[in-house]
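Predicted model and sequence follow; I will ask about them next.
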Amino acid sequence: MNAISKCIGLIVLILHLSVPSLSATDKFVKNNIFELHPRGGLPNFFAKALQGGPLKVAYFGGSITAQDGWRVKSFEWFKERFPKAEFFEINAAIGGTGSDFGVFRLRDHLLKFNPDLVFIEFAVNDSKTPSNTIVRSMEGIVRQIWQQNSSADICFVYTIKNTFLESEQNGQLPESAITMEKIADEYQIPTINFGFEVAKLVSINQLIFKGESKSQNGVMVFSPDGVHPYLETGHAIYQNVLKRSFEVMVAINPGKFKNHNLPQPLAADYFANTQMIDIRDTKLSKHWRIFRVENEPSFNGFAKYLKRVGKAGRDGETLTIRFRGRTIGAMDFIGPDVGRVIVEIDGAVKDTVFRFNPYCTSNSRLMHYFLIDRLEDKDHVVVFRVLTEPFDKAAILAKIGNKIKNPDDFEENNWYVGKILIDGKLLSQ
């Protein structure tokens with residue numbers, strides 16, 4: 001086969017992957033839907049993978065990536081497909097978190113490992129996030145990665161959930177992914193849409209999107225809950241899409257090193273100086289208790305992400321921090337025994353933040369976060385004040401049908417703090 005024939009064959013393959021089959025269903029319309037946008041590809045990953053050498057692959061996302069699914073399957077496939085290279089995994093996926101928290105935890109959970117390839121999967125968890133926040137967060141993630149290492153490759157991955165299905169069947173990306181495509185276009189980052197294949201299979205009745213078992217009447221079922229795929233079915237589809245996409249990209253750019261240049265940012269106020277601050281670097285009132293997470297059964301599952309947590313359980317306990325910047329928040333832990341926090345900025349009450357939500361059941365202890373954004377870019381004194389007055393937890397749980405089963409579990413109104421989040425510079429305390 002001559003060079004022209006090879007080029008034509010490659011173009012045909014890319015078009016096949018990027019455009020849905022019009023015969024699949026009348027509803028599956030040719031529009032902006034796609035399986036792969038290669039753009040600038042992953043040149044440095046493939047160069048190292050083909051030539052040999054160590055490669056650190058990072059997975060940055062939510063609970064779908066945290067599952068032992070496409071993340072585990074793809075990492076094992078890399079080792080088989082590129083036997084000359086030595087692969088190391090960085091699992092930086094945390095359930096229930098989006099790109100807005102991702103950009104703040106970027107240094108601690110990702111950049112310190114200096115990855116060669118970063119998969120970013122936040123479209124599902126960003127489905128209710130304002131588009132301007134997504135742009136600021138995703139652009140902050142991309143720019144901070146490349147400011148540290150301009151040869152690191154990045155790939156956006158779009159998973160699917162029940163509320164995305166109809167849009168994808170009608171040839172439309174969900175809004176969060178459309179927003180992320182703006183970043184991908186500007187920075188020439190490849191994007192892989194796992195939802196393309198899932199929507200197509202559902203449309204031609206070869207896949208059931210949600211069901212209690214992995215198969216119904218001989219037809220595969222994608223997921224038990226409409227979000228998290230079964231490992232044997234939904235995640236297997238995700239993996240097949242990833243493999244196809246990588247074979248296309250390796251053919252386009254089979255191993256030429258390149259540095260990624262940073263264009264002018266799309267959002268002038270992108271999250272540029274995000275970091276997580278240890279609570280020991282703040283000023284705490286008298287009765288805080290600092291404990292190591294590995295010593296507490298309900299917290300030791302988070303030892304991968306931090307070493308210690310602070311607990312405040314008395315009314316009026318405070319955490320004070322001085323910083324220069326535009327955004328302040330906290331990475332904390334929710335459960336049945338949490339309450340509310342009053343946030344005072346520069347001497348004025350800014351907000352009262354509920355840390356209890358409808359998912360705080362008796363058996364839950366989840367990592368969570370909140371942000372107070374768009375402050376004036378100057379020096380600030382921020383005081384977080386614990387509020388332990390009782391409130392109607394039963395009514396909050398009832399919003400999604402949960403109930404209080406053991407009242408003692410819900411009696412206290414504590415605040416459990418892991419890190420303080422800032423976009424800016426920490427000042428002397």
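Received the coordinates, thanks.

What's the local residue count around Lys210?
Using other Cβ atoms under 10 Å, the number of residues around Lys210 comes to 15. Where C-beta positions appear, they are placed from N, C-alpha and C, glycine not excepted.

Not counting residues beside it along the chain, what's closest to it?
Excluding its sequence neighbours, the residue lying closest to Lys210 (Cβ to Cβ, 6 or more residues apart in numbering) is Gly226, at 4.5 Å.

Is it correct that the one you found is in contact with Asn162?
Yes. Between Gly226 and Asn162 there is a contact under Cβ atoms under 8 Å: 3.4 Å.

can you give me the strands in the stretch 101-250 of the chain?
117-121, 153-158, 191-193, 207-210, 215-216, 219-223 (DSSP state E, counting those that start in this stretch).

What strands line up against the fourth one, and which way round?
Taking DSSP bridges as the criterion, strand 207-210 pairs within the sheet with strand 219-223 (parallel).

now the partner strand, how far from the centre of its chain.
24 Å (Cα atoms, centre = their mean, to the nearest Å).

more crowded one of Gly226 and Asn162?
Comparing Gly226 with Asn162 by neighbour count (other Cβ under 10 Å), the higher total belongs to Gly226, at 16 against 13.

which residues touch that one?
Lys161, Asn162, Phe209, Lys210 (Cβ atoms under 8 Å, 6 or more residues apart in numbering).

cool, and Ser127?
The contact partners of Ser127, taken as Cβ under 8 Å, 6+ apart, are Lys161, Thr163, Phe164, Pro174, Glu175, Ser176.

Next: Ala199.
Counted by Cβ under 8 Å, 6+ apart, Ala199 has contacts Phe28, Ile33, Ile160, Leu165, Glu168, Gln169.

sorry, back to before: which pair in the contacts of Ser127 spans the largest distance?
With Cβ to Cβ as the measure, no two of the contacts of Ser127 lie farther apart than Lys161 and Glu175, at 12.8 Å.

Between those two, which is the more surrounded one?
Lys161 (21 against 17).

just to revisit the earlier point, just name the closest of the contacts of Ala199 to Val72, please.
Using Cβ to Cβ, Ile160 comes nearest to Val72 of these, at 18.9 Å.

Enumerate every residue touching the closest one.
Val124, Glu168, Phe194, Gly195, Val198, Ala199.

does the fifth one really touch Ile237, like I thought?
Just to be clear, that refers to Val198. Yes. Using Cβ under 8 Å as the test, Val198 is close enough to Ile237 to be in contact (6.0 Å).

which neighbours do the two share?
Contact criterion Cβ under 8 Å, 6+ apart; residues shared by Val198 and Ile237: Leu207, Phe222.

re the thing from before, just the contacts of Ile160: which are in helices?
Glu168, Phe194, Gly195, Val198, Ala199 (DSSP state H).

burial count for Gly347?
7.

State the distance from it to Thr320.
12 Å (Cβ to Cβ, to the nearest Å).

Mutual contacts of those two, please.
With Cβ under 8 Å, 6+ apart as the test, Gly347 and Thr320 both reach Val381.

hmm, back to that, list residues touching both of Gly226 and Asn162?
Phe209, Lys210.

Which residue, other than its chain neighbours, is closest to the residue sitting nearest the centre point of the chain?
Centroid-nearest residue in the chain: Gly61, 2.9 Å away (criterion: Cα atoms, centre = their mean). Take Gly61 and drop its neighbours on the chain: the residue closest to it by Cβ to Cβ, 6+ apart is Glu121, 3.1 Å away.

Enumerate every residue touching that neighbour.
Tyr59, Phe60, Gly61, Gly62, Ile64, Thr65, Ala93, Phe156, Val157, Tyr158, Thr159.

Quick check, the fourth one in contact with Ala92.
No. Counting by Cβ under 8 Å, Gly62 sits too far from Ala92 to count as a contact (10.7 Å).

If you count contacts, what does the helix or strand encompassing Asp423 end up packed against?
Using DSSP states H and E, the element containing Asp423 is strand 415-426. With contacts defined as 3 or more Cβ pairs under 8 Å, 6 or more residues apart in numbering; DSSP states H and E, the packing partners of strand 415-426 are helix 99-109, strand 274-278, strand 308-312, strand 318-334, strand 366-372, strand 378-387.

The last one - what's its average pLDDT?
Averaged across strand 378-387, pLDDT comes to 98.

Send over the helix or strand just after that strand as CSV, restricted to the C-alpha atoms.
Where DSSP H and E defines the elements, the next helix or strand beyond strand 378-387 is helix 393-397. Extracted in CSV, the C-alpha atoms of helix 393-397 (Å, rounded to 0.1, in the frame of the first residue of the first chain):
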residue,chain,number,x,y,z
LYS,A,393,-32.3,16.8,59.4
ALA,A,394,-35.2,14.5,58.8
ALA,A,395,-36.8,17.0,56.4
ILE,A,396,-33.5,17.2,54.5
LEU,A,397,-33.2,13.4,54.2
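
what's the spacing between helix 393-397 and its chain's center?
Mean-position distance between helix 393-397 and its chain equals 28 Å (Cα atoms, centre = their mean).
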